[in-house]
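Asker: got a predicted structure plus its sequence, pasted below:
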Amino acid sequence: MPEFVTFSRNVFIPVTNICRNRCGYCTFRRDPDHPEARLMSVEEIIPILKNGKEAGCTEALFVFGEYTEEVPEYREKLKKMGYSSTIEYVTELCELAIEIGLLPHTNAGILNRRELEMLKPLNVSMGLMLETTAELKAHCESPGKAPSKRIEMIRTAGELRIPFTTGILVGIGESIEDRKHSLETIASIHKEFGHIQEVIIQNFMPKPDTPMADHAPPTKEEMIQTVSLAREILPDDVAVQVAPNLIKPHILIQYGATDLGGISPTTIDWINPEAEWPSVVDLQQMTGEIPLKERLPIYPQHIKEGWYSSNLSKLIETLTDKNGFKRKQQ
Ligand SMILES: O=c1nc2n(C[C@H](O)[C@H](O)[C@H](O)CO)c3cc(O)ccc3cc-2c(=O)[nH]1
Ligand SMILES: C[C@H]1O[C@@H](n2cnc3c(N)ncnc32)[C@H](O)[C@@H]1O
Ligand code: MET
Ligand code: SF4
């Protein structure tokens, strides 16, 4: 059993759901002509950030469809808003979040080295799920889910010393051997660069009206097995994260999960909108005798090692205690 289990409080900003990929399991993505296709404006985002700050959140989680610029309708929308590229817009959003007092964590799918370099000074951490190293039908219409591309970006983030979240999506048609190989791949990248803070073992949730609507989700036993495998394969300084709105965490903690990811008092999980966030009190009930500890979206080891830019040092300092966890409010 771990000494404690960690989580963070975030606001989830689904900046755009337009995406060049078409993953078989995803309901986040919308076609550009769909009534729910969106590119959120700064005016829409500011109150969400402010609400989150007031509710005690520390993290602004910005999520995007991937390389939306490859979709012409989106490019025009962005231009009308006054931005020449998505990355330019993301930098402005991150600056806003910092001004309001939240630490940015961006997951915009695949980004190149130049884009990562632009975001590093404004993000305390970034994320990209490896998903799997297997070539699967779920990803046959998603060029950005090619394992080699994902591995390349995770490695580049390491070279740039960006604290990083990655993970695997469990139950999308991969075998146990594939899961093992995916986790070994992540472990070997981490051994080279030391930037991976957490690996999410995310259980696939079938969604209606998707190609994988009738594909069975992983069983509890499979999840236990995969969490155990992750704990065995990953170095000790990497947290194993499970999502407490998608699966009951107690048993998974016994097998090696040490983090419950971001939960939000003010926003929904836009990727799994049907799965409500537990409150902190619910979380404590779920973890039972194991104490909970609130962390920031940058882990203590990376704070200690100074893996953040000077733009972020003041905010990190006011939010942390002497051990690099969230400071208790006075
Ligand atoms: O609310 C969610 N947060 C998700 N997060 C956020 C995560 O829970 C926290 O932002 C990190 O633990 C950092 O604190 C992700 C972050 C990534 O970098 C990559 C994938 C995910 C996936 C989810 C998700 O499905 N739902
Ligand atoms: C942000 C992450 O959310 C995950 N994701 C996308 N769709 C689903 C789903 N139906 N069930 C669980 N996780 C999903 C992917 O792993 C993506 O990378
Ligand atoms: C909404 S999914 C998260 C970000 C990105 N579209 C990816 O799949 O990597
Ligand atoms: S999971 Fe991400 S990359 Fe795949 S379709 Fe959804 S938004 Fe696009």
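Answerer: Good, I have the coordinates. Ligands and ions are numbered 1, 2, ... in the order given.

Asker: how about the residues of the stretch 151-300 of the chain near ligand 1?
Answerer: Residues of the stretch 151-300 of the chain lying close to ligand 1 (C-beta under 6 Å from any ligand atom) are 165, 198, 200, 241, 261, 262, 269, 271, 272, 297. Backbone N, C-alpha and C define where each C-beta goes, glycine included.

Asker: the closest residue in space to residue 205 that isn't next to it in sequence: what's it in contact with?
Answerer: Of all residues not flanking residue 205 in the chain, residue 272 sits nearest, at 5.6 Å (C-beta to C-beta, 6 or more residues apart in numbering). Residue 272 makes contact with 205, 243, 245, 246 under the criterion C-beta atoms under 8 Å, 6 or more residues apart in numbering.

Asker: compare those residues and tell me which is most surrounded.
Answerer: With neighbours taken as other C-beta atoms under 10 Å, the top of the contacts of residue 272 is residue 243, carrying 22 neighbours.

Asker: how much space separates the closest residue to that residue other than its chain neighbours from residue 295?
Answerer: Leaving aside its sequence neighbours, residue 243 sits nearest to residue 261 (C-beta to C-beta, 6+ apart; 5.5 Å). Separation of residue 261 from residue 295 (C-beta to C-beta, to the nearest Å) stands at 10 Å.

Asker: wait, does the strand of greatest length in the chain contact ligand 3?
Answerer: Looking across the chain with DSSP state E, the single longest strand is strand 5-16. No: judged by C-beta under 6 Å from any ligand atom, strand 5-16 stays clear of ligand 3, getting no closer than 7.6 Å.

Asker: just say helix, strand or coil for residue 167.
Answerer: Classification of residue 167 using DSSP: H, G, I helix; E, B strand; the rest coil returns strand.

Asker: who touches it in this structure?
Answerer: So residue 167 contacts 129, 130, 198, 199, 200, 201, 202, 241 (C-beta under 8 Å, 6+ apart).

Asker: could you do residue 175 as well?
Answerer: Residues in contact with residue 175, defined by C-beta under 8 Å, 6+ apart, are residue 134.

Asker: which residues do residue 261 and residue 295 both contact?
Answerer: Common contact partners of residue 261 and residue 295 (C-beta under 8 Å, 6+ apart): 7, 8.

Asker: what segments of the chain are helices?
Answerer: 42-54, 72-80, 86-100, 113-119, 147-159, 176-193, 220-233, 250-254, 280-287, 300-304, 310-319 (DSSP state H).

Asker: so which of these comes closest to ligand 2?
Answerer: For ligand 2, the closest of the helices of the chain is helix 147-159, at 9.5 Å, according to C-beta to the nearest ligand atom.

Asker: next, the buried residues of the closest one.
Answerer: By neighbour count, and taking 16 or more other C-beta atoms under 10 Å as the criterion, the buried residues in helix 147-159 are 147, 150, 151, 153, 154, 156, 157, 158.

Asker: I'd like the distance between the closest residue in space to the second one that isn't next to it in sequence and residue 36.
Answerer: Excluding its sequence neighbours, the residue lying closest to residue 150 (C-beta to C-beta, 6+ apart) is residue 130, at 5.1 Å. Distance from residue 130 to residue 36, counting by C-beta to C-beta: 28 Å.

Asker: who's more crowded, the two?
Answerer: A direct count of neighbours by other C-beta under 10 Å for residue 130 and residue 36 places residue 130 higher, at 22 against 8.
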